[in-house]
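Pasting the sequence and the predicted coordinates here, then a few questions.
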2 protein chains.
Amino acid sequence: MKTVDDSLADAPVEAPRKTRKHNPEKTRDDILQAAVAEFVAQGLSGARVDAIAERTQTSKRMLYYYFNSKEQLYIQVLEKLYGDIRTTESSLDLDVLAPEEAIGRLVEFTFDHHDRNVDFVRIVCIENIHNGANVKQSPTIRALSQHVLQALGDTLQRGERDGVFRAGVQAVDLHMLISSFCFYRVSNRHTFSEIFQVDLEDEAVKARQKAMIREAVMRYLLP
Amino acid sequence: MKTVDDSLADAPVEAPRKTRKHNPEKTRDDILQAAVAEFVAQGLSGARVDAIAERTQTSKRMLYYYFNSKEQLYIQVLEKLYGDIRTTESSLDLDVLAPEEAIGRLVEFTFDHHDRNVDFVRIVCIENIHNGANVKQSPTIRALSQHVLQALGDTLQRGERDGVFRAGVQAVDLHMLISSFCFYRVSNRHTFSEIFQVDLEDEAVKARQKAMIREAVMRYLLP
DNA sequence: GTCTATAATAAGATAGAC
DNA sequence: GTCTATCTTATTATAGAC
């Protein structure tokens, strides 16, 4: 007696070998996404390989098949999250704006970017708890981050030349002034909001703080 | 035949029962210090109870005897490190200084304090990775941190009244502006120095950045 | 390439003697 | 209060069939 399954077995055998369960890129990406979620939620030591596997459509065996170890999977996660930020950062085009406009825009962009990318902020914290051991192993990541500093340095130079910015400000220092505030607001939001009883998710608070860091930076640059 | 040990046994029995190995406070403190080192180095999930015990003069059994669980020991560590900062913070006496002096001093104090207390910075990062779950359980910690905000608010008000500061600045926002920079320099030093190739331990760099945050804050407060 | 079952070990916690 | 030995469970990683 023929069953429905039997009739499927009669389908053309020449069809591209795309059986139900073989889809390498998708499987790999599925695992990587699950790993992002788990590592970001639990940290490097806190993350469980089993938990990552459970978040996927596939099995733990495939995780090891594609990534070899928990640590290598973590490095892939790190590179993915650092990579995501680059794409957006490169789209800023600071060089077409007046220096003051450019800096103002960079500050607001940085603020919004961190606010929207909690995952990135968390993975950077996790990596620092582990003394940056893995960023140091990834030449990719350093290369990814050179763009902002370059753009910032160029803008500072233009402003200085035009007499709208003071001289002697280091790009790396200014980058730290901007990033630190935007990063800390997100990285430390749990302890900060609990201890000082502020709702950092409140849109009014957000707007006020965004205006503050913008103005603090602008004033600092005045001649 | 009498041995040396036998003669010791003849010592006065009324002496306070202070046998070689019984010293509760010291043992407890020994464990707590070891726990600070391990948790700060490895994080909450990464820390190993065995490793903590190995750092002590005593055994794992005593750790459970005094602290009941890994988690409760972690909370004690958290409270200890938050407590340490309070003592120094309270010694600032901002109210006896002119408002500008007071803020300048607060900025420099905060900078130096974070620079010197890497342990505190790390435990706060670890705690945020765990969503502040443990600070929320400790009413002690919130109480500890109210002093700075109060002192800062008072100083802002004095400056505003004297016409040396602008109006409308929130104490909590200014606290964040100051803390974020001082904290981030330490918390993110591994990734930051690797990616941007700066030596944040260099005394010249330190002095430059300390002057920057001080001036940025002062300028921001100008009317 | 994928799945189930399992090996090998590490980790938190406790028993019970002294 | 303290120590050694151990229980129990969780965790990374792999074997081997399909």
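Received the coordinates, thanks. Residues are numbered from 1 along each chain as shown, chains lettered A, B, ... in the order given.

now the helix or strand harbouring A:R214 and helix B:203-221, what's the angle there?
A:R214 belongs to helix A:203-221 when elements are defined using DSSP states H and E. Put simply, helix A:203-221 runs at 120 degrees to helix B:203-221, going by axes from the mean of the first three to the mean of the last three C-alpha atoms, to 10 degrees.

Pull the residues that contact whatever helix or strand A:E101 lives in.
In this assignment (DSSP H and E), A:E101 forms part of helix A:99-116. For helix A:99-116, the surrounding residues in contact (C-beta atoms under 8 Å, 6 or more residues apart in numbering or on different chains) are A:85, A:88-89, A:92, A:94-95, A:97, A:120-121, A:148, A:151-152, A:155-156, A:158-159, A:162, A:164-165, A:178-179, A:181-183, A:185-186, A:206, A:209-210, A:213-214, A:217-218, A:221. Yep, even glycine has a C-beta here, placed from its N, CA and C like the rest.

ditto for stretch A:163-176
By C-beta under 8 Å, 6+ apart, stretch A:163-176 touches A:99-100, A:148-149, A:152-153, A:156, A:159-160, A:217, A:220-223, B:181, B:184-185, B:192, B:196, B:198, B:208-209, B:212.

Buried residues in it, which are they?
A:F165, A:V169, A:Q170, A:A171, A:V172, A:D173, A:L174, A:H175, A:M176 (16 or more other C-beta atoms under 10 Å in any protein chain shown).

Start and end of it, how far apart?
End-to-end distance for stretch A:163-176: 23 Å, by C-alpha to C-alpha, to the nearest Å.

Closest to A:K80 out of the buried residues of stretch A:163-176?
Closest to A:K80 out of the buried residues of stretch A:163-176 is A:H175 (22.6 Å), distances taken as C-beta to C-beta.

Give me the angle between the strand or helix carrying that closest one and helix A:99-116.
Using DSSP H and E, A:H175 falls within helix A:171-187. Orientation check (the same axes, to 10 degrees): helix A:171-187 against helix A:99-116 gives 30 degrees.

Domains in chain A, by residue range?
Following automatic domain parsing, one finds the domains of chain A at A:22-68, A:77-221.

Could you save the ones you listed as TSV and add columns showing mean pLDDT and distance to B:N131?
What follows is those, written out as TSV (pLDDT from 0 to 100; distance: least, C-beta to C-beta, whole Å):
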stretch	mean pLDDT	distance to B:N131
domain A:22-68	94	9
domain A:77-221	95	5
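
could you redo those domains as CSV and give each row distance to B:E38?
Formatted as CSV, those follow (distance: least, C-beta to C-beta, whole Å):
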stretch, distance to B:E38
domain A:22-68, 12
domain A:77-221, 13
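
I'd like to know which of those lies nearest to DNA strand C.
Of all these, domain A:22-68 sits nearest to DNA strand C, with 3.4 Å by C-beta to the nearest atom of the strand.

so who does A:D162 touch?
By C-beta under 8 Å, 6+ apart, the residues touching A:D162 are A:P99.

Look up how far B:C125 lies from it.
The spacing between A:D162 and B:C125, counted by C-beta to C-beta, to the nearest Å, is 40 Å.

What of A:A143?
26 Å.

picking that back up, which ones among the contacts of stretch A:163-176 come in contact with DNA strand D?
Among the contacts of stretch A:163-176, no residue is within reach of DNA strand D (C-beta under 7 Å from any atom of the strand).

any idea which helix or strand comes after the longest helix anywhere in chain A?
Looking across chain A with DSSP state H, the single longest helix is helix A:24-46. Scanning forward in sequence from helix A:24-46 by DSSP H and E, the next helix or strand is helix A:49-55.

For that following helix, list every residue counted as buried.
Within helix A:49-55, the residues scored as buried using 16+ other C-beta under 10 Å are A:V49, A:I52, A:A53, A:R55.

does chain B sit close to it?
No: residues of helix A:49-55 contacting chain B under C-beta under 8 Å from any C-beta of the partner chain: none, with a closest distance of 12.3 Å.

Could you look up the SS state of the residue nearest in space to the middle of chain A?
For chain A, the residue nearest the mean C-alpha position is A:F120 (3.3 Å; C-alpha atoms, centre = their mean). Classification of A:F120 using DSSP: H, G, I helix; E, B strand; the rest coil returns helix.

That one contacts A:I85, doesn't it?
Yes: the pair A:F120 and A:I85 qualifies as a contact (C-beta atoms under 8 Å) at a distance of 5.8 Å.

which residues do those two both contact?
With C-beta under 8 Å, 6+ apart applied, the contact sets of A:F120 and A:I85 do not overlap.

need the residues of chain A near DNA strand C, please.
Proximity of chain A to DNA strand C is confined to A:K21, A:H22, A:N23, A:P24, A:T27, A:T58, A:S59, A:K60, A:R61, A:M62, A:Y65 under the rule C-beta under 7 Å from any atom of the strand.

Report the contact partners of the fifth one.
Read it as A:T27. Contacts of A:T27 (C-beta under 8 Å, 6+ apart): A:Q57, A:T58, A:M62, A:Y66.

where's the nearest residue to A:D50 once chain neighbours are set aside relative to A:L73, distance?
Excluding the flanking residues, the one nearest A:D50 by C-beta to C-beta, 6 or more residues apart in numbering or on different chains is A:K60, at 6.5 Å. Shown here: A:K60 relative to A:L73, a distance of 11 Å by C-beta to C-beta.

And the buried residues of stretch A:163-176, which is closest to DNA strand D?
A:M176 (34.0 Å).

Up against DNA strand D, what does chain A have?
A:A47, A:R48, A:V49, A:D50, A:K60, A:R61, A:Y64, A:N68, A:S69, A:K70, A:E71.

show me what contacts the second one?
In other words, A:R48. Contacts of A:R48 by C-beta under 8 Å, 6+ apart are A:E38, A:Q42.

what does the last one give?
In this structure, A:E71 makes contact with A:N134, judged by C-beta under 8 Å, 6+ apart.

how close does it get to DNA strand C?
Going from A:E71 to DNA strand C by C-beta to the nearest atom of the strand, to the nearest Å gives 14 Å.

Can you give me the distance of that residue to A:L78?
On the measure of C-beta to C-beta, A:E71 and A:L78 end up 11 Å apart.
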